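Chemist: Need a 3D model of the following:
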Amino acid sequence: MAGDRRGWLPCLLAGAVFVVCMAGTTLPTPLYPLYQEEFGFSELTVTVVYAVYAFGVIGVLLLAGNASDTIGRRPTLRWGLAVAAASAVCFLCADALGWLYAGRLLSGLSAGLFTGAATAYVMELAPPDGAARATLVATAANMGGLGCGPLLAGLLAEYAPEPLLLPFAVHLVLVAVSALVLQWLPETVADRRPLSAVRPRKPALPARVRSVFVPAAVASFVGFALFGVFTSVSPAFLARYLHVDNHAVSGLVVALAFFASTAGQVAAGRVGATRSLPLGCAVLFAGLVLLAVALATDHLVYVVLAALVGGTGQGLAFRGALSAVAAASPPDRRAAVISSLFVVAYTGISIPVIGVGLLADPLGLEGAGLVFIACMLVLAATAGTYLLHRARTHPRAPR
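Modeler: Residues are numbered from 1 along each chain as shown. Next comes the predicted model:
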């Protein structure tokens with residue numbers, strides 16, 4: 001493999017391509033208040049525009065989640081970059097709400113194509129003795145890329161001209177450079193088949209996995225729901241209630257949650273899968289409490305703390321959930337079970353987010369946020385309590 005001959009360079013370059021694609025999916029986050037001013041739509045519309053992304057990801061996971069195993073990593077990632085470029089073009093052309101829906105749907109499709117394929121590609125391009133470090137590269141590229149999107153867009157929107165155009169123009173250039181880099185990298189799938197061989201992959205849940213899957217799925221749902229609400233409505237909350245009109249600050253606050261998730265996933269590798277899932281539930285609970293305090297007091301420091309603590313909890317819980325579910329699954333059903341977990345997780349960044357949008361009109365953004373937090377606290381506490389009880393009563397069961 002080329003990773004043997006060239007050391008870490010191919011792995012790191014693949015990670016950089018991963019960063020570029022994932023950054024595009026969160027690029028609009030600090031710009032939503034500007035779009036609201038431009039097109040005059042409500043908080044509900046903001047949350048629906050955001051949630052369309054999740055539908056795109058889920059669609060790819062269900063219909064073509066195994067595409068890169070069939071046609072190869074590079075062709076799949078090329079398609080992902082092409083769709084990411086189309087998403088950027090939609091935002092560049094946006095003069096009506098329909099363009100935003102199209103752009104978000106396409107960014108979801110690109111993320112769905114990239115998430116599994118790029119993770120596998122980064123790990124396959126690493127030197128033979130570098131599996132643990134390659135996992136860290138893939139994790140950092142995924143969550144770090146998601147964090148770079150709002151940070152880049154916020155800085156450009158605040159300190160450069162054309163705030164609704166320049167971020168996407170820059171991203172389009174980065175996508176073009178990534179396509180050139182990808183052309184240089186080697187293919188790692190030896191037995192490739194034509195696109196016609198790709199088949200939809202149905203989620204599956206064998207009976208032996210259910211006792212592990214349910215709390216893992218609940219924790220994943222809560223963590224992704226927290227990210228969904230943070231990335232869709234926090235810029236509006238910061239502007240409306242905290243009078244933070246600086247787009248760079250809004251982008252930084254959201255980016256901190258994703259960077260903290262990366263740290264949480266790294267910590268999970270040291271804590272161990274058995275402990276990281278219940279610990280992640282506890283830290284998620286603390287992050288949700290801090291977010292409730294932020295909504296009740298209108299203090300920026302609590303928003304920042306909620307991003308850091310909640311992001312760390314999400315990282316701990318999600319890596320623990322993946323490890324626990326993978327360990328409990330039969331080898332011949334593992335990919336399908338993991339796909340089921342991702343479907344639940346991405347449902348978390350759609351349905352609860354739209355629920356907040358629906359409640360924002362009658363209750364206000366703060367009231368809607370508190371209702372959301374109360375529901376998520378119940379779920380996080382239930383999952384954590386069940387995991388602790390199960391650890392005591394089934395100490396040798398796969399967790």
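
Chemist: close enough to count as contact, Val303 and Val253?
Modeler: Yes. Here Val303 reaches Val253: they are 6.1 Å apart, a contact under CB atoms under 8 Å. (C-beta placed from N, C-alpha, C; glycine too.)

Chemist: which residues are in contact with both of the two?
Modeler: Listed as contacting both Val303 and Val253 by CB atoms under 8 Å, 6 or more residues apart in numbering are 234, 238.

Chemist: Listing request: residues of the stretch 1-150 of the chain with sub-threshold pLDDT.
Modeler: 1-6 (pLDDT under 70).

Chemist: where do the helices sit along it?
Modeler: For the stretch 1-150 of the chain, the helices defined by DSSP state H, counting those that start in this stretch occupy 2-6, 9-26, 32-39, 43-64, 67-71, 73-93, 97-124, 131-159.

Chemist: could you dump these to CSV with distance to Ser211 and mean neighbour count?
Modeler: Listed next are those as CSV, based on distance: least, CB to CB, whole Å; neighbours: other CB atoms under 10 Å:
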stretch, distance to Ser211, mean neighbour count
helix 2-6, 38, 15
helix 9-26, 32, 24
helix 32-39, 40, 16
helix 43-64, 23, 22
helix 67-71, 29, 22
helix 73-93, 34, 22
helix 97-124, 25, 23
helix 131-159, 26, 22
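
Chemist: JSON lines please, covering those and showing distance to Ala216.
Modeler: Below are the helices of the stretch 1-150 of the chain laid out as JSON lines (distance: least, CB to CB, whole Å):
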{"stretch": "helix 2-6", "distance to Ala216": "31"}
{"stretch": "helix 9-26", "distance to Ala216": "23"}
{"stretch": "helix 32-39", "distance to Ala216": "31"}
{"stretch": "helix 43-64", "distance to Ala216": "17"}
{"stretch": "helix 67-71", "distance to Ala216": "24"}
{"stretch": "helix 73-93", "distance to Ala216": "27"}
{"stretch": "helix 97-124", "distance to Ala216": "18"}
{"stretch": "helix 131-159", "distance to Ala216": "17"}
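
Chemist: can you tell which of those is closest to Val266?
Modeler: Closest to Val266 of the helices of the stretch 1-150 of the chain is helix 131-159 (CB to CB; 6.3 Å).

Chemist: what packs against that closest one?
Modeler: helix 9-26, helix 97-124, helix 166-184, helix 247-271 (3 or more CB pairs under 8 Å, 6 or more residues apart in numbering; DSSP states H and E).

Chemist: so it versus helix 97-124, what angle?
Modeler: Calculated by axes from the mean of the first three to the mean of the last three CA atoms, to 10 degrees, helix 131-159 forms an angle of 150 degrees with helix 97-124.

Chemist: sorry, back to before: compare the helices of the stretch 1-150 of the chain and give me the one nearest Pro235.
Modeler: The closest of these to Pro235 is helix 32-39. By CB to CB, the value is 5.4 Å.

Chemist: for the longest helix belonging to the chain, what is the average pLDDT?
Modeler: Scanning the chain for the helix with the most residues, using DSSP state H, yields helix 351-393. Mean per-residue pLDDT for helix 351-393: 88.

Chemist: relative orientation of it and helix 43-64 in degrees?
Modeler: 60 degrees.

Chemist: just to revisit the earlier point, could you save the helices and strands packed on helix 131-159 as CSV and add columns showing distance to Leu363?
Modeler: Listed next are those as CSV, based on distance: least, CB to CB, whole Å:
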stretch, distance to Leu363
helix 9-26, 26
helix 97-124, 24
helix 166-184, 32
helix 247-271, 22
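
Chemist: Select, out of the ones you listed, the one closest to Tyr35.
Modeler: Nearest of the helices and strands packed on helix 131-159 (CB to CB): helix 97-124, 6.6 Å.

Chemist: Which elements pack onto that closest one?
Modeler: Packed next to helix 97-124, using 3+ CB pairs under 8 Å, 6+ apart, are helix 9-26, helix 32-39, helix 43-64, helix 67-71, helix 73-93, helix 131-159.

Chemist: Just the angle for the last one relative to helix 32-39, thanks.
Modeler: Helix 131-159 and helix 32-39 are oriented at 40 degrees to each other (the same axes, to 10 degrees).

Chemist: what angle separates helix 131-159 from helix 166-184?
Modeler: 150 degrees.

Chemist: Just give me how far helix 131-159 sits from the chain centre.
Modeler: The chain centre lies 11 Å from the centre of helix 131-159; the measure is CA atoms, centre = their mean, to the nearest Å.

Chemist: same thing with the fourth one?
Modeler: Distance, stretch centre to chain centre, for helix 67-71: 22 Å (CA atoms, centre = their mean).

Chemist: re the thing from before, among the helices of the stretch 1-150 of the chain, which is nearest Phe318?
Modeler: Using CB to CB, the helices of the stretch 1-150 of the chain put helix 131-159 closest to Phe318, at 9.4 Å.

Chemist: What angle do helix 247-271 and the closest one make with each other?
Modeler: Using the same axes, to 10 degrees, the inter-axis angle of helix 131-159 relative to helix 247-271 is 170 degrees.

Chemist: what separates Gly228 from Gly149, distance-wise?
Modeler: The gap separating Gly228 from Gly149 is 14 Å, by CB to CB, to the nearest Å.
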